[in-house]
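Student: the following block contains a protein sequence and its predicted model.
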Amino acid sequence: MKIVLTCCIGMSTSMLAELMSQASNEHGFNDEIMCIDSEKLEVIDLEADVLLLGPQIKHMYRRLYRKYHAKMPVAMIDAQDYGCMNGENVLMFAHALFKKHQDNNLLASKI
């Protein structure tokens, strides 16, 4: 699964991505976790399975949601998990979002 994290400058988000990668390896997942500056997301067409936003760019959520929600789940990273750099919780959150998105698409295709 390809998980993209985004924030303003990317320093803490890149640390979180590394912790998520470690947790992914420990669980035997094959996730690709990367960081992209939030401003770039406004001008590119992102290909990913999940898009997670850092708490400091909450003001961009609605705009990024409208742009990407049809292709992938878009959500805010929990501020407490972000602040504590809890890579495992954020990883499991991303996996749950992806599963829910797949399930909803499956249901929609059956209607």
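Tutor: Arrived safely. Numbers count the residues shown, from 1 in each chain.

Student: name the SS class of the spatially most central residue of the chain, please.
Tutor: The residue lying closest to the centre of the chain (Cα atoms, centre = their mean) is Leu52, at 2.7 Å. Three-state call for Leu52 (DSSP: H, G, I helix; E, B strand; the rest coil): strand.

Student: correct me, but it touches Val4?
Tutor: Yes. Between Leu52 and Val4 there is a contact under Cβ atoms under 8 Å: 7.1 Å. All C-beta atoms are positioned from the backbone trio N, CA, C, and that covers glycine.

Student: quick check, Val4 in a strand?
Tutor: Yes. Under three-state DSSP, Val4 falls within a strand.

Student: what is it paired to in the beta sheet?
Tutor: Beta-bridge pairing for Val4 (DSSP bridges): Met34, Leu51.

Student: what number of residues lie near it?
Tutor: Using other Cβ atoms under 10 Å, Val4 has 24 other residues around it.

Student: over to the one 3 residues further on?
Tutor: Using other Cβ under 10 Å, Cys7 is surrounded by 23 other residues.

Student: dump the residue contacts of the closest residue in space to it that isn't next to it in sequence.
Tutor: Leaving aside its sequence neighbours, Cys7 sits nearest to Gly54 (Cβ to Cβ, 6 or more residues apart in numbering; 3.3 Å). By Cβ atoms under 8 Å, 6 or more residues apart in numbering, the residues touching Gly54 are 5-8, 12-13, 77, 82.

Student: pretty sure Cys7 sits against Leu52.
Tutor: No. Under the criterion of Cβ under 8 Å, Cys7 makes no contact with Leu52, lying 9.5 Å away.

Student: any idea how many residues pack against Gln80?
Tutor: Each residue near Gln80 was counted by other Cβ under 10 Å, and the total is 10.

Student: and the residue lying closest to it once chain neighbours are set aside, how close does it get to Met11?
Tutor: Of all residues not flanking Gln80 in the chain, Asn86 sits nearest, at 7.7 Å (Cβ to Cβ, 6+ apart). Shown here: Asn86 relative to Met11, a distance of 17 Å by Cβ to Cβ, to the nearest Å.

Student: quick one: Thr86 and Ile57, what's the gap?
Tutor: Rather than Thr, residue 86 is Asn. 19 Å.
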